[in-house]
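> This is a predicted model, with the sequence first.
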Amino acid sequence: MTLLLAACGGEPEVAEQPDPIRPVKTVLVGEAAAGGVRNFPARIAAAQRADVAFRVPGTVAELSVKQGDRVQQGDIVARLDPTDYQIVVNDRQATLENASNNWERAQQLINQGYISKMDYDRLEAEFKNASLALDTANQDLAYTELQAPFGGIVALRHVEAFEEVQAKEPIYSVEDVGALEVKFDVPESIIRGIRAGDEGAGATRRSQVSVVASFDDLPGQEFPLRFKEIATRADAATQTFEATYIMDQITGSTILPGMTANVKMDFSKLIDQGLAYRVPITAVVGDYKLDPQVWTVDEDAMTVSPRTVKVGRLVGTDAEVLEGLKVGERVVTAGTPFLVDGMQVLLMPELEQAQPRLEDLEVQ
């Protein structure tokens, strides 16, 4: 049987298998967190704002301004009924006059030896206490008039006329809208890039990042922003940091606190100067010498090749690449241990979606 089988045919032919094409995840250099242009939704707040209140209790007799009115520093915006405070002033005035007369007589009698030094000191103390009491009463009477602490717009009125109010109870909210705060939340990768030390290098980095604001109802217009501060504690829910920039009021338009804006941060200058690019940590691997390298993709031939790089800090889930990459190059971020030089690859979609379930495809 063996001989018969051997005589029936020769060696079986083995079909030549094509080289496998490996799918890989990639990212473009310069489109990571530290590079390119990033956009954030922002909210507008007044650069200076205050709730103004009386320093004494009483009945509101007059509200001089309305919501939306503009006021100047020192303008009277509200008054309390001064009757009770005027009565106190009159009483303290009479007390002071009596104490003053007693002390003047005491000054003559002490020189003639008709009163003791103890009585003289008591009358002098009564005169000084009465003088201080009158000053306090006059000050309380002055506090029945409420002045604007600075020039701005009356944003809110919290009470109505003839209401009884307590001391330090807000009457108006005044906001200075000549300069505005633009607040927006930034992720960790951004805050490290523009903070990097409060002075010196950090300030230099910030000056190289162009930050502008735009508004939906003002298409085609961008307004420059000036850095003010960045929070150092992340929001517990979003794990982002609040950044605050200053914007001057727009001529010919009115931007008010509470409105929304779009903020654009341009990191192109940082990229052009070669300070650092950021790529996902998974893109950086070690070669046989344990030197850091990345795998770049030739998008014309759809092949990969290793590239030695110089890395800097680890920033969250990214690594800073100081040397070895250029803007626009594509690097592999997943599957690097299975790559060889010249291997053909297939780019995976950058945004993956879940496959639909069969029951979702059924026609009801």
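Yep, that arrived.

> strand partners of the helix or strand containing residue 46, parallel vs antiparallel please.
Assigned by DSSP states H and E, residue 46 falls within strand 37-53. Applying DSSP bridges, strand 37-53 is found paired with strand 170-186 (antiparallel), strand 260-266 (antiparallel).

> same question for the longest one, mean pLDDT?
By that I understand strand 170-186. Averaging pLDDT along strand 170-186 gives 93.

> I'd guess residue 25 is in a helix, am I close?
No. Applying DSSP: H, G, I helix; E, B strand; the rest coil, one finds residue 25 to be strand, outside a helix.

> Any idea what it is bridged to?
residue 334.

> And the pLDDT at it?
Looking at residue 25, its pLDDT is 88.

> With residue 200 instead?
Confidence at residue 200, expressed as pLDDT, is 49.

> for residue 99, helix, strand, or coil?
helix.

> For residue 76, see how far away it is.
Here residue 99 is placed at a distance of 33 Å from residue 76 (CB to CB, to the nearest Å). C-betas here are computed from N, CA, C, even on glycine.

> which of the two has more neighbours?
residue 99 (21 against 13; other CB atoms under 10 Å).

> Stretch 38-50: which residues count as buried?
Within stretch 38-50, the residues scored as buried using 16 or more other CB atoms under 10 Å are 38, 40, 42, 44-47, 49-50.

> That stretch: how far from the chain's middle?
For stretch 38-50, the separation from the chain centroid amounts to 8 Å (computed by CA atoms, centre = their mean, to the nearest Å).

> quick revisit: comparing the strands paired with strand 37-53, which comes out most buried?
Across these, averaging neighbours per residue (mean count of other CB atoms under 10 Å) puts strand 170-186 on top, at a mean of 20.

> follow-up on the earlier one: including distance to residue 132, could the strands paired with strand 37-53 go into TSV?
Formatted as TSV, the strands paired with strand 37-53 follow (distance: least, CB to CB, whole Å):
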stretch	distance to residue 132
strand 170-186	29
strand 260-266	53
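
> Domain ranges for this structure, per the record?
Domain segmentation of the chain under automatic domain parsing yields 22-32+276-347, 37-48+175-272, 82-143.

> among those, which is nearest residue 67?
Of all those, domain 37-48+175-272 sits nearest to residue 67, with 11.2 Å by CB to CB.

> and the closest one, how far from the chain's centre?
Centroid separation for domain 37-48+175-272 versus its chain: 7 Å, with CA atoms, centre = their mean.

> again, but for stretch 72-89
Relative to its chain's centre, stretch 72-89 lies at 39 Å (CA atoms, centre = their mean).

> Dump that stretch to PDB, keeping only the CA atoms.
In PDB, the C-alpha atoms belonging to stretch 72-89 read as follows (Å, rounded to 0.1, in the frame of the first residue of the first chain):
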ATOM      1  CA  GLN A  72     -19.700 106.200  39.300                       C
ATOM      2  CA  GLN A  73     -17.600 105.700  42.400                       C
ATOM      3  CA  GLY A  74     -19.200 107.600  45.300                       C
ATOM      4  CA  ASP A  75     -22.700 107.900  43.800                       C
ATOM      5  CA  ILE A  76     -25.600 107.500  46.300                       C
ATOM      6  CA  VAL A  77     -27.500 104.400  45.300                       C
ATOM      7  CA  ALA A  78     -29.800 103.900  48.300                       C
ATOM      8  CA  ARG A  79     -30.800 105.600  51.600                       C
ATOM      9  CA  LEU A  80     -32.300 104.400  55.000                       C
ATOM     10  CA  ASP A  81     -34.800 106.300  57.000                       C
ATOM     11  CA  PRO A  82     -32.400 108.500  59.100                       C
ATOM     12  CA  THR A  83     -35.000 109.500  61.800                       C
ATOM     13  CA  ASP A  84     -33.900 107.200  64.500                       C
ATOM     14  CA  TYR A  85     -30.200 107.900  63.900                       C
ATOM     15  CA  GLN A  86     -30.800 111.700  63.900                       C
ATOM     16  CA  ILE A  87     -32.500 111.400  67.300                       C
ATOM     17  CA  VAL A  88     -29.400 109.600  68.700                       C
ATOM     18  CA  VAL A  89     -27.200 112.300  67.200                       C
END
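
> All good on my end, thank you.
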